[in-house]
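Chemist: Show me how the following folds:
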Amino acid sequence: MLGELLIGSGVVIGWLWLRNYRWRRLHEELSRPVATELEDNSWYRIVEPAVIGGIAAYDAVHALAMIDDRVLEAMDFSSKLDLGTFNQLSEYVRQQFFTGSEASVAGAVERLQGYTAEQVVAAHLAAQGHVVEFPDTPNQEGWDLLVDGHPVQVKCVMDSELVREHLERFPDIPVIVNAEIGSYFADNSHVVVDKDLLHSQVAEQVHQTIDGVHALDVAPFHVPLVTLFLATVKEGALVLDRRIAPSEAFKNVVRDVACVGGGGFVGSKVGMALAGMLFGPGGAAVGVIVGAMMGAVVGRVVASRMRHSPLEKAKEELNQAVYEAVKFIPAAVADKLEALGRKVSAVRRRLKIRPWDWLWPSRRYLIYREIRSRIEKRMEELRTKMAEARKVEEMYRTRVGWEGGVYKPGLEFCRWALEEKFNHPDLVKAMERVVACVERVNEEARKLGAGCPPPWERLRSWLERLRVWPRQGVEV
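Modeler: Sure, this is the predicted structure:
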């Protein structure tokens, strides 16, 4: 009999110890602050579009610097098309100089060089005070310009025989030639050498203009590369801080490139198309820059929402778990009030307090009154908390007192319930679910940089490590 009593007592004591340890562990876990505020990434949301816009601006300005207006005028004159908008100009350059056989492209470039030379000579003559007119059609036979009413042929070539062929066919029409072949016609009065007209310079202007138009057309393709670099740096920092796994960082990089880089690419393309419909290369360049920045901003919003969706889902599950737990608190409090009432009766019986003892108080009665007063005070506190718990339920629907999307009033009541160590079975299960949800919220917030130092502080710490590491190696 004594052995059975000792075993039973040991089981009860062990159960009480395990129960107390379980409540203490849950309370410690729930007492950890819930990460409702993340790292302030406003700097990144500003820097990222700025860098994308800066790269787009560099590409656009660099492309514009390569484009020569005289070559554009030569394209417009020789094509018999309206190339006043960038879309038409880009399509013309693509068809003439980037499609077809090598021979056809070389022929198109050579013809464009001839028409460009006419524009250059016309500008030189106009600067000297001459009246210069162009023919109605680009294939006018025998002459290229009317200078003060007289027809003039322009030849910008490296083969002098081409000039002689013209003089044989049209001996009465003078020719203006480039400086490289001027020495071949020093004694010919029908040949005028324009010392500022250089075949090499005209060829370079033509090639640069073609490349400039093409570069402006393909400038948006650089936007995803910029995003790839920025996303790799940002995610790499989180990997080095051991906040996320490399595989998850890779997914984030892919998402940023798809959303931000893709948004910047589409935005720059749309901006270039819209501005290009109305203006020339300058308008298209502005459209590329503005479109890239706007597309990157929209893409960042989309990417951020996608990346924050696991955290938001975890918060929703936490709020629901807290709400369910709070609903069990009044029942748990009622059970405890009933237990405390029974405790008052048990003390009364144990001390053998009779109804008339208050007429002539004894020590037993004074002890009983003190114990009853403390228990009643405790019961009043619990009744107050029960009333507050019902108000907290209303806060769930009205979102009063919420912080960072978290049902903070309910969470505080859950922490209080764990301190009280209620033995209500449903409440215990609900509390375990709340603790699990808190851990998930903190984990998702940690992946997003919660509690992460600013990038400049991280950079400084990494530099400190790099500076200290070689010295440590030498000491070893």
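
Chemist: Pop the domain breakdown of the chain in here.
Modeler: 42-58+218-307, 60-211, 309-463 (automatic domain parsing).

Chemist: Show me what counts as buried in stretch 395-408.
Modeler: Across stretch 395-408, burial judged by 16 or more other C-beta atoms under 10 Å covers 395-396, 402, 405-408. The way it works is simple: take the backbone N, C-alpha and C, and place the C-beta from them, glycine included.

Chemist: Tell me which stretches of the stretch 301-450 of the chain form strands.
Modeler: Using DSSP state E, counting those that start in this stretch, the stretch 301-450 of the chain contains no strands.

Chemist: what does the stretch 1-150 of the chain give?
Modeler: With strands called from DSSP E, counting those that start in this stretch, the stretch 1-150 of the chain shows them at 132-133, 145-147, 150-155.

Chemist: okay if I get the ones you listed as CSV plus mean pLDDT and distance to Pro224?
Modeler: Below are the strands of the stretch 1-150 of the chain laid out as CSV (pLDDT from 0 to 100; distance: least, C-beta to C-beta, whole Å):
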stretch, mean pLDDT, distance to Pro224
strand 132-133, 90, 47
strand 145-147, 89, 47
strand 150-155, 90, 45
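
Chemist: can you tell which of those strands is closest to Tyr368?
Modeler: Evaluated with C-beta to C-beta, the strands of the stretch 1-150 of the chain place strand 132-133 nearest to Tyr368, the distance being 121.7 Å.

Chemist: What does the pLDDT read for the residue nearest the centre of the chain?
Modeler: Nearest to the mean C-alpha position of the chain, counting by C-alpha atoms, centre = their mean, stands Arg300 at 3.4 Å. The model reports Arg300 with a pLDDT of 85.

Chemist: same question, Gln201
Modeler: pLDDT, Gln201: 91.

Chemist: Quick check: buried residues in the helix or strand harbouring it?
Modeler: Here Gln201, judged by DSSP states H and E, is contained in helix 199-218. For helix 199-218, the neighbour count (16+ other C-beta under 10 Å) marks 199, 201-203, 205-210, 212-217 as buried.

Chemist: what about the strands of the stretch 1-150 of the chain, which gets the closest to Leu382?
Modeler: Per C-beta to C-beta, nearest to Leu382 of those: strand 132-133, 102.0 Å.

Chemist: what distance separates that closest one from the centre of its chain?
Modeler: Chain-centre distance of strand 132-133: 55 Å, with C-alpha atoms, centre = their mean, to the nearest Å.

Chemist: again with stretch 429-449
Modeler: That offset, for stretch 429-449, works out to 26 Å (C-alpha atoms, centre = their mean).

Chemist: Could you number the chain from 47 rather than 1 from now on?
Modeler: Understood, numbering begins at 47; the last thing we discussed is stretch 475-495.

Chemist: pLDDT of it, averaged?
Modeler: Mean predicted lDDT for stretch 475-495 stands at 83.

Chemist: wait, the residue nearest to the centre of the chain sits on Ile92?
Modeler: No. Arg346 is not in contact with Ile92 according to C-beta atoms under 8 Å; the separation is 10.3 Å.

Chemist: picking that back up, between helix 245-264 and the helix or strand following the helix holding Gln247, find me the angle.
Modeler: Sequence order places helix 268-286 as the next helix or strand after helix 245-264, per DSSP H and E. Here the directions of helix 268-286 and helix 245-264 differ by 60 degrees (axes from the mean of the first three to the mean of the last three C-alpha atoms, to 10 degrees).

Chemist: can you pull the buried residues of helix 268-286?
Modeler: Across helix 268-286, burial judged by 16+ other C-beta under 10 Å covers 268-270, 272-274, 276-278, 280-281, 283-284.

Chemist: Put together a markdown table for those residues, with distance to Tyr369 and pLDDT on each row.
Modeler: A markdown table is the format used below for the buried residues of helix 268-286 (distance: C-beta to C-beta, whole Å; pLDDT from 0 to 100):
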| residue | distance to Tyr369 | pLDDT |
| --- | --- | --- |
| His268 | 50 | 77 |
| Val269 | 45 | 81 |
| Pro270 | 43 | 85 |
| Val272 | 45 | 82 |
| Thr273 | 40 | 85 |
| Leu274 | 43 | 86 |
| Leu276 | 40 | 83 |
| Ala277 | 37 | 84 |
| Thr278 | 41 | 86 |
| Lys280 | 35 | 80 |
| Glu281 | 35 | 81 |
| Ala283 | 36 | 77 |
| Leu284 | 32 | 77 |
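
Chemist: For His260, give me its contacts.
Modeler: His260 makes contact with 136, 139-140, 143-144, according to C-beta atoms under 8 Å, 6 or more residues apart in numbering.

Chemist: Show me which of those residues are buried.
Modeler: Buried among the contacts of His260 (16+ other C-beta under 10 Å): 136, 139, 143.

Chemist: follow-up on the earlier one: of the buried residues of helix 268-286, which is the nearest to Ala295?
Modeler: Glu281 (3.9 Å).

Chemist: I'd say that closest one and Ile290 touch.
Modeler: Yes. Glu281 is in contact with Ile290 according to C-beta under 8 Å; the separation is 7.3 Å.

Chemist: Quickly list what's touching both of these two.
Modeler: Asn298.

Chemist: before we move on, back to that, how deep is the nearest residue in space to the residue nearest to the centre of the chain that is not next to it in sequence tucked in, by neighbour count?
Modeler: Closest residue to Arg346 apart from its sequence neighbours, by C-beta to C-beta, 6 or more residues apart in numbering: Val306 at 5.2 Å. By the criterion of other C-beta atoms under 10 Å, Val306 has 30 neighbours.

Chemist: Would you agree Ser235 falls within a strand?
Modeler: No. Using DSSP: H, G, I helix; E, B strand; the rest coil, the assignment for Ser235 is coil, not a strand.

Chemist: per-residue confidence at it?
Modeler: Looking at Ser235, its pLDDT reads 83.

Chemist: Next, find the distance separating it from Gly345.
Modeler: Per C-beta to C-beta, to the nearest Å, Ser235 is found 67 Å from Gly345.

Chemist: between these two, who's got more neighbours?
Modeler: A direct count of neighbours by other C-beta under 10 Å for Ser235 and Gly345 places Gly345 higher, at 28 against 7.

Chemist: The more buried one is in what secondary structure piece?
Modeler: Going by DSSP H and E, Gly345 is part of helix 327-396.

Chemist: Just want the angle from that helix to helix 245-264.
Modeler: Counting by the same axes, to 10 degrees, helix 327-396 lies at 30 degrees to helix 245-264.

Chemist: So which residues make contact with stretch 147-164?
Modeler: 114, 116-117, 120-121, 123-124, 142-144, 146, 180, 184, 190-191, 200-202, 224, 243, 245, 248-249, 251-253, 256.
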